[in-house]
Every structure is written in C-alpha cells, then in structure tokens.
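no sequence for this one, just the structure:
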Ligand code: HEM
Ligand SMILES: [Cu+2]
C-alpha cells in the first residue's frame, strides 16, 4: 500500500530551518568560549600585574597580521556567497580557495608563534615556564588553551568549507540551493569573531 | 477520520534488519534506540544503588570498602544523571512523540538526530570503560569537584570525557527540537494549540542549548588541568576551587530542570486524559515551563551556601531559589485543579502521575528547606540532600517516565500492557520508594553525612528501614519491566486511542506507519485538551 506522506515533512528542504539550526549551534559555540572568557576575566582581574607582564611576551606583530588575515577571509567567504547567488561558479570557487588559503596562512603564522614560545620554554612543563610565578603560568596556560581551541575551530571551519567546495563541484550546492555554503560562511564568521575577542585580550590590553 | 483506510504497514514492518535500526533516521526508531540504551543503563545504576544500600545496612564495612563505595556512588550518579535522566524523557519520549504530537513526520534534522544517538552511545562506552581500565571509576562524586578531581588517580579523565560527549549529544537533541517546533508544526497548529509536552520540551531544549556548553568547557578544563597541572582550580597554585563550583553549577542547576521539566510535560498529558477534563490553566502551565527555564539560570549559587560566598550573594541566590518554586507550584495547583470534579479513571499512568505530584511536592518543599540559608548550614551534605534530590529526580522525573511508559505503551509497541500486574508493580514501587528515601530525610536532620560507606551506631535503625525499602522498590521495578516485556507478546492489540486522549498522536494507528499518519491529522480547535470536541472519540 502507498505510504501517506504529510506536506510538512521533516525531510523536505527547508533553508530557513537549516540556517536557524546553524545560528543555534553558533550560540552554543559562543557559550563554550564564554566559559573560558569568564575564567580569563576573573584571573585577569585578580592578577592584572602578572598578566600584563606575561602579555609582553606575545608577538603583537604576528597577532595583528593574523587578525588582518582572518578579517580578509571573512570578506572572501561573504563574497563567495554573493558570487554563487549571481551564478558565477568559477568566482565562487576562487573565493573559497582564497578563504581556505587564508585559513592556512593563519595556522602557519600561529605555528611560528607557538614554536617561538616553545623555544623560550614557555609551554606548561618546560623549564622557563616552571620558573614563572603562578599567575603568569595561568596566563600562558589560558593563552595556549584558548588560542588552541580557536585554532581547532579554524581547522574545522576550513574543512567545512572544503566540503562545501566538493558539493559545489558535485553540483549539489548551486545558485538556487546554497544554504550549505551560507552555513559554512556563518561558521567561518564565528571563527573570526572569536579571534576578534581573543586578540585584544591577550595581545593588546596594556 | 474522514476516510476509512486499510491498516497501513507500521514503522516496524517498513524496514528490517539491524542496520535499518542503528542507521535509521526515523525519529521513532531513534527514540527506541535511545530507550533500550537508557533503560539498560538505568538497570546498571540501579544495581549500583542496591549495592550501596547493602553496604549501609549496618555500620562498618559490609560488602565494600571506602574507596569502592566512593567509586560506586560516583558511577551511580554519573549514569543516573548523564545516561539515564537527562536523555530519558527528551531523547526517548521527545523523539518518539514530538513529531506525532505536532503533526509532522520527523524532526527537522533527521541525520543530526541519528548522530546524537551515536554520540550518546560513544559517551556511554567511555563511561563504562572507566570500569575496566586503570585505577577504576572516578571517586569524586558526579560533581567532579576540583582540586580533588585533578589529583585523584582514578579514571576522572575518561568519565569527564564521557560527560562532555553526552553533553554534546544533548545539545544536538535540543537544537533539533527547537527547530522542529518552530518549523514543522501542522499547518493550522498555533503555539497555544501545542500539547503541553511539546511546550515542556521546548523550554527544556533551550536549557540544553544554553547551559550545556558551559559544563562542556569546564570539563575540558578539568582534563587540561589533569594533563598540565596548571592549578586553575588549585589554591596552592593561585587558582580558585570555588570558581570550578560556579562553572559547574551554572550548568548543573539548569540541568536539573532538563531532568524534571519534560517529566512535568508528561504529567500534563496524562492527567487530563484520565480526569476526562480539559487541563486547567493551559497557558499558565505553558508559561510556567518557560519561567522555570528562565529563572533556573540564576539560582546556581544555592549549591554553594557553605563553600564561601559573600553574604549578599547568598541572600540573592536564596531569594531567587524561592522564586523558582512559584512556577513549579503553579503547575501542581493546575494539575490538582484539573482532577477536581473530573471523571477520574484510575489506571496505572494516573497512579504514577499522582505519585509524581506527591513525591515532587515533597522533593520541592525539602528543596526550599535547603534553599533557606540558615537551615542549609545544618543540612548541607547530609542525607537530607540525598533524600531531597531522589524525591525530585526519581520520585518526580523517574516516576513520570515510568508512568508515561505505560500511557504510550500501546502507541509505541502496538499492544496493551497488563493492567493488574502494572498496578501491583506500581504499589510496590511507591511503597518501596518512600520507605527507601523518607528515612534519609530524617537521617539528614539527625546529622548523618552523605557520601560515606560507614556511619554511627545511632543511625542504624533508619538505615535498615531504608535498605529494606530499596528491596521493595527494586522488586517493583523488575516486576514492572517483566510485565512490559511479557505484554508485548501476550497483550491485547492496542487501538488508535485506548485512553480517549485528545492530542494528535492518538489519531494515528498504533504503532504508527513509517510516515506517522495515514491521513492528514486534524488539529483540534483551540485548546488541545478539550474533551468536548474530541475528534478521535467521535470517529
Ligand atoms: C534504584 C534505586 C536507587 C537507589 C537504591 C539509590 C541509592 C543511592 C545511594 C545510597 C546514594 C549514595 C548516597 C551517599 O552515599 O551519599 C545515591 C546517590 C545518588 N543517586 Fe541514587 N539511588 C537510586 C536511584 C537513583 C535515580 C533514579 C537517580 C536519578 C535519576 C539517582 C541519582 C543519584 C545521584 C545523582 C546521587 C549522588 C551521587 C554523588 O553523590 O555523587 N539515584 N543513590
Ligand atoms: Cu540547584
């Protein structure tokens, strides 16, 4: 016998629902980092001297370059959505490649930054680190924890955009069906926004 | 029903084989997958509870030593909270019933739904792995308080990882439900025509979404601390253990509403059906769910009255705690008012609902006793607290779960359970439950501390009573489960609407077809509990 199917089916395509779901997910991501920001705020407040002193160790130039890189990548991903809406698939792909390249650039710079810290023995367990006062240890620990978690999100976001590109190639994401790209873009903006908070907190506050 | 249709294939028949289950995206199958996993974990944790009570039957060591006891209550708590109670109602009943109740054929993201079940399984495996690797299960209590949780040699890392993964699974379920309720309600169903269970799930889903990430990150911090030992929560290294407690309870207090709100939703479904009356104060119940969810965010400090907080902070948290009691009481009054002058039909689900009201009331009122500053100083970390939370979580949410299991049994499995055996099981559970936990309240008042494997002679009588209660309770639970298993074979075939319910899941065959309905369901006019225009009864 034929199965009766309802009009309001959960298996229908519903772009509004997909985007709504993505937004909700982004809230949870913000809250995830929110816990860390809370811990940071409290210890910064309690140990402002030590945190300030420790923050001089960070490389403001590299941080700034990375901020510019990420902001530009947010632009390219936003442009790629418009390009797809306009039907220019080549351009869309180009812009997505650019975004992913920016993501890689960010990670490479981050790699050099972290390596420099390792060379100075500033990672938990290394000797320079072990001789710091507790509050400075906390600063570096939070620095590695928060930028590390953020770095993980950069990787996830980049991979997600890679999948979107695959979908475009397979013609599953098209000029009339681009919610997947939009969601990838939303996620990428989140990655960007979190960095926008991390950067001043660790590098700039003096 | 407008047109009489031949009985369509039900969703069990639609596909067969193991893979058609564990890779199914059908909300009904996923709900059942959750159910079988959840009930198995419940039985494991129940066995642990039994062992603890056995240990406490007499002072001194009887069946286990101190360290084992600590591990057992931790594992018991972790399983009961993260693997049984939090997923129980939303992930099983929510998954199975929500789409049926709002007249659609699935949740908004069916694949995500399957993914969250797999996460649940993964989390469960991690929790069980703590039993067999290294130094055994964590011995910190389910709260993982730092700095002890950072220092102990037991498997805290694995346990915490399990809780993290389970939290993620719970977030995804909540997200799915919110979008489902917004986007997939039957075309003519307004917000205030939704069944109250859907309202309860909606409020719960927001808590799952907005509170769980905080515990997620907190648990990650515990793992990082265990690996790198920076001392975020260790005062000797400049950290603050109180901060951990704040972060933990910012999630875990709202989480107690994740546990009880959906149960309240189930009660709101069962009571009008068995009172044959429209629910009293539909909107008040719906709004009170939202109010509980909202106020519930601001009361976490009541777990920390004795661990060091400023005077004003304590007063504020205490006042807010009293405030949450108001919407909870609103619900209780409305349920009782619904029963008033109803044509009451005493069936097992109603018995469980009444037990819920009674036990939840006791749990709620004892909650106020420890929400008050002066009394909490005396009662904090005593058996009074153990009694209190079992009254709320087990006597409340747990009983709602078991009542609902009988109420929707026919809808889910297509057969009716045996009423007589069910009622015997219910009375054993009710009597056993109260014999088990009421003495704990008294023991707490007498000053017996919680989380010890041993106690002073003068507490012995009540502890013996309590242990005997646990035997009666467990007998009842086992009888209930046997009855439900046997009824699947020998029960009478369930009609569409065995109880004369008014919500939309009763319009479809039992069990439902693959796409849930065999004809477009009729959205009741106005309030979904209006027995006057009970479409299905007339049909
Ligand atoms: C089946 C019968 C049950 C028995 C016999 C039982 C018994 C106990 C006992 C003896 C304790 C330890 C008290 C202590 O030493 O501090 C305990 C703790 C606990 N129980 Fe149960 N319980 C049962 C069911 C449940 C249920 C259904 C839930 C929740 C849904 C639950 C949640 C907890 C929690 C969260 C703790 C605290 C663990 C900790 O201190 O970390 N229990 N239970
Ligand atoms: Cu609380």
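Received it, and whenever you're ready, just let me know what you need. Remember, it's a predicted structure, so these values are computed and weren't measured experimentally. Numbering: from 1, shown residues only, chains lettered A, B, ... in the order given. Ligands and ions are numbered 1, 2, ... in the order given.

any idea of the pLDDT on the nearest residue to residue B:14 once chain neighbours are set aside?
The spatial neighbour of residue B:14 that comes closest, neighbours along the chain excluded (C-beta to C-beta, 6 or more residues apart in numbering or on different chains), is residue B:514 at 4.1 Å. Every C-beta, even on glycine, is put in place using the N, C-alpha and C of the backbone. The predicted local distance difference test score for residue B:514 is 91.

how about residue A:179?
Among the per-residue scores, residue A:179 shows a pLDDT of 94.

and the helices in chain A, which stretches?
Remark: helices of chain A, listed N- to C-terminal, are A:15-46, A:48-55, A:60-85, A:89-119, A:127-130, A:134-169, A:179-199; assignment by DSSP state H.

I'd like those helices written out as TSV, with mean neighbour count added.
As requested, the helices of chain A are exported to TSV (neighbours: other C-beta atoms under 10 Å in any protein chain shown):
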stretch	mean neighbour count
helix A:15-46	18
helix A:48-55	17
helix A:60-85	18
helix A:89-119	17
helix A:127-130	13
helix A:134-169	19
helix A:179-199	20
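
in CSV: those, plus distance to ligand 1.
Written out in CSV, the entries for the helices of chain A read as follows (distance: least, C-beta to the nearest ligand atom, whole Å):
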stretch, distance to ligand 1
helix A:15-46, 22
helix A:48-55, 35
helix A:60-85, 43
helix A:89-119, 38
helix A:127-130, 35
helix A:134-169, 27
helix A:179-199, 34
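
how about residue B:493, phi and psi?
The main-chain torsion angles of residue B:493 are listed as degrees, to the nearest 10 and equal phi -70, psi 130.

dig out what it forms beta bridges with.
residue B:415 (DSSP bridges).

neighbours of it, how many?
Applying the criterion other C-beta atoms under 10 Å in any protein chain shown, we find 9 residues in the vicinity of residue B:493.

for it, what are its contacts?
Listed by C-beta atoms under 8 Å, 6 or more residues apart in numbering or on different chains, the contact partners of residue B:493 are B:414, B:415, B:416.

ok, residue 180 - contacts?
No chain was given, so I picked chain A. For residue A:180, the contacting residues are A:18, A:164, A:167, A:172, A:173, taking C-beta under 8 Å, 6+ apart as the criterion.

oops, chain B please
For residue B:180, the residues meeting the contact criterion (C-beta under 8 Å, 6+ apart) are A:10, B:98, B:99, B:102, B:104, B:107, B:108.

which of the residues you listed ranks first by neighbour count?
Counting neighbours by other C-beta under 10 Å, residue B:99 leads the contacts of residue B:180 with 33 neighbours.

list, one by one, the residues from the stretch 1-150 of chain B near chain A.
Residues of the stretch 1-150 of chain B lying close to chain A by C-beta under 8 Å from any C-beta of the partner chain are B:5-6, B:8-9, B:14, B:27, B:99, B:103-110, B:112.

hmm, try it at 6 Å
Residues of the stretch 1-150 of chain B that fall close to chain A, judged by C-beta under 6 Å from any C-beta of the partner chain: B:8, B:104, B:105, B:106, B:107, B:108, B:110.

ok, the contacts of residue B:180 vs ligand 1, which is closest?
Of all the contacts of residue B:180, the one with the least separation from ligand 1 (C-beta to the nearest ligand atom) is residue B:98, at 21.8 Å.
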